[in-house]
Each structure stands twice: as C-alpha cells, then as structure tokens.
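Engineer: Build me a model:
(one chain, ligands or ions: 1)
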Amino acid sequence: MTKAPQRKITLKTPEFDDYAHFYAQRFEPGVVYWADDAPHTIPLEEYAGGRLLAQGMGEIIERIIVLDGEPIGTITARDFVKKTCQCTLGIVIASPQHWSHGYGSEALRLFLDFLAREGFALIVLETYANNTRAQRCFTKLGFRKYRVFYAAGSGRFVVQMIRKLPPPPPIGTLISPNDPHWKPPKR
Ligand SMILES: CC(C)(COP(=O)(O)OP(=O)(O)OC[C@H]1O[C@@H](n2cnc3c(N)ncnc32)[C@H](O)[C@@H]1OP(=O)(O)O)[C@@H](O)C(=O)NCCC(=O)NCCS
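Structural biologist: Numbers count the residues shown, from 1 in each chain. Next comes the predicted model:
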C-alpha cells in the first residue's frame, strides 16, 4: 500500500523563483539523480528560463512539487501528441533528503489526476534500469514494465513503463442498453 506522506504535497504552476528555490540543491556537485549520471552544470537563468520557455511554447507541461509551501522539485509531461493523448513523464525531487518519504508518489498521484482531466489516456516513462527507487515509486502508482531496451547513446539499459489513465467523465449520463432511454446510434 502507498505510504501517505506526513506532510502536505501540492502542485503549482511554475515561476522563476520556484526553480531558483531548489536550484542549488538540484545541481549540487556530487548529487546523482539518474543512477550513475554525471552531475550537470547549467546556470540558473538557462535552467529556469529554458523550462519556462518550453512551457510557454507548449512543448512541456510542468508543475512545481511543493512540500508544506516549499518548492522541492518538478513533475513534467513531455513529447505529448494531442492526437493520441499520450505523453512521457519526468519527475525530479531536488534534495536527496526528501527522497523515499512518499512525496514522489503523492506528486505523481496529483499530476496523473491533472493529466487525466486534461484528456491524456496513456502515460509513458523511461528510467534507467538501475534506478530502482524510481521504479518502485512508479509501480506503486500503477505503472507496469512495458519493455527494456539498450540506449546506445548513454550505454545504459532503460526500462520503459506505461500506465493507462481512466477516460474523462462522459458528457451527460451513462445509460445501459436495458434503460428505456437507450437509443443505439443509427448506422
Ligand atoms: C524518483 C523520485 C521522484 C521518487 O520520489 P520519492 O519521494 O523518493 O518516492 P516514494 O518515497 O514515493 O517511493 C519510493 C519507494 O522506493 C523505495 N526505495 C528507496 N530506495 C530504493 C532502492 N534503492 N531500491 C528499491 N526501492 C527503493 C522506498 O522505500 C519507497 O517505497 P515504499 O513506499 O514501498 O517504502 C525521487 O526519488 C527523485 O527525485 N529521485 C531523483 C530523480 C529521479 O531519479 N527521477 C526519476 C527519473 S525517471
């Protein structure tokens, strides 16, 4: 069963100051976010500005993960194709001290509700095979392993996981064929 976090997780629309808040932790030398990735170095303006621009241009949908009022990370949908209602998910909690407290699962639950309301039907994500913490978090939220492939670019094995979202609520009232109001569409 999913561990409910003791403290409150919410999601908010990003502003520059949110990224600035956890920037130092997010890019702290020595913190490894994706398995054995090397730490990145990217100036704050480029990091925050780039993400805000990508949202302004509709390339990503991102929310700030907020813990008791404090921004602690990001959760992101990218590569989305409106036609197929499919997107790729990303999530980063900036400080390792906030990992494994259930915050990622709670942020994911809130973001999946939001994506379902936006009409997304299928969520895909990719994570390095040795990122077992992330996979455990995603599994708790109903993601299933779909396939594993070798990414020649990074020289790593990548696990692809998927989860279907419930369909959006119908317009009107659902009725069954036994209902006197049932009228099948004419062919
Ligand atoms: C991935 C991430 C968002 C998950 O958020 P989180 O708050 O740490 O996740 P949760 O606490 O909700 O769930 C983690 C689960 O993994 C378990 N876990 C912790 N370390 C683990 C490990 N090395 N192997 C397997 N499971 C592990 C935790 O016990 C917990 O399971 P439980 O609730 O059954 O006890 C967060 O850890 C993070 O930002 N990591 C760095 C960035 C990253 O890897 N992003 C994902 C890229 S695809």
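Engineer: C-alpha from now on. contacts and neighbour counts both.
Structural biologist: Will do.
Engineer: L44: how many residues sit nearby?
Structural biologist: A count of neighbours around L44, defined by other C-alpha atoms under 10 Å, yields 15.
Engineer: elements contacting the longest strand seen in the chain?
Structural biologist: When secondary structure is assigned using DSSP state E, the longest strand within the chain turns out to be strand 70-81. In this structure, strand 70-81 packs against helix 16-26, strand 60-67, strand 86-93, helix 103-117, with contacts taken as 3 or more C-alpha pairs under 8 Å, 6 or more residues apart in numbering; DSSP states H and E.
Engineer: Would you mind listing the outside residues contacting the first one?
Structural biologist: So that's helix 16-26. Outside of helix 16-26, the residues within contact range by C-alpha atoms under 8 Å, 6 or more residues apart in numbering are 44, 47-49, 52, 64, 71-73, 93-95.
Engineer: cool, the third one as well?
Structural biologist: Contact partners of strand 86-93, identified using C-alpha under 8 Å, 6+ apart, comprise 26, 33, 65, 72-81, 99, 104, 120-126.
Engineer: give me the subset of the contacts of helix 16-26 touching the ligand.
Structural biologist: Contacts with the ligand within these, counted by C-alpha under 6 Å from any ligand atom: I93.
Engineer: Mind checking which of the contacts of helix 16-26 are buried?
Structural biologist: Neighbour-count burial (16 or more other C-alpha atoms under 10 Å) applied to the contacts of helix 16-26 gives 48, 52, 64, 71-73, 93-95.
Engineer: and the two most separated of these?
Structural biologist: In the buried ones among the contacts of helix 16-26, the most distant members under the criterion C-alpha to C-alpha are L52 and S95, with 21.1 Å between them.
Engineer: For the residue nearest to I75 when sequence neighbours are not counted, the count of nearby residues, please.
Structural biologist: Of all residues beyond its chain neighbours, the one nearest I75 is I91 (4.3 Å), with distances taken as C-alpha to C-alpha, 6 or more residues apart in numbering. Applying other C-alpha under 10 Å, we find 19 residues neighbouring I91.
Engineer: Look at I91 and report its pLDDT.
Structural biologist: In this model, I91 is scored at 95, pLDDT.
Engineer: need the residues of this structure near the ligand, please.
Structural biologist: For the chain, the residues in contact with the ligand (C-alpha under 6 Å from any ligand atom) are 2-3, 33-34, 90-93, 99-105, 126-127, 132-134, 136-137.
Engineer: pLDDT wise, what is R51 at?
Structural biologist: Looking at R51, its pLDDT is 95.
Engineer: Then A134?
Structural biologist: Among the per-residue scores, A134 shows a pLDDT of 94.
Engineer: and if you look at I61?
Structural biologist: What the model reports for I61 is a pLDDT of 92.
Engineer: Look up which residues are beta-bridged to the residue lying closest to it once chain neighbours are set aside.
Structural biologist: With C-alpha to C-alpha, 6+ apart as the criterion, I61 has its nearest non-adjacent residue at 5.1 Å, and that residue is A77. With DSSP bridges as the criterion, the beta-bridge partners of A77 are I61, L89.
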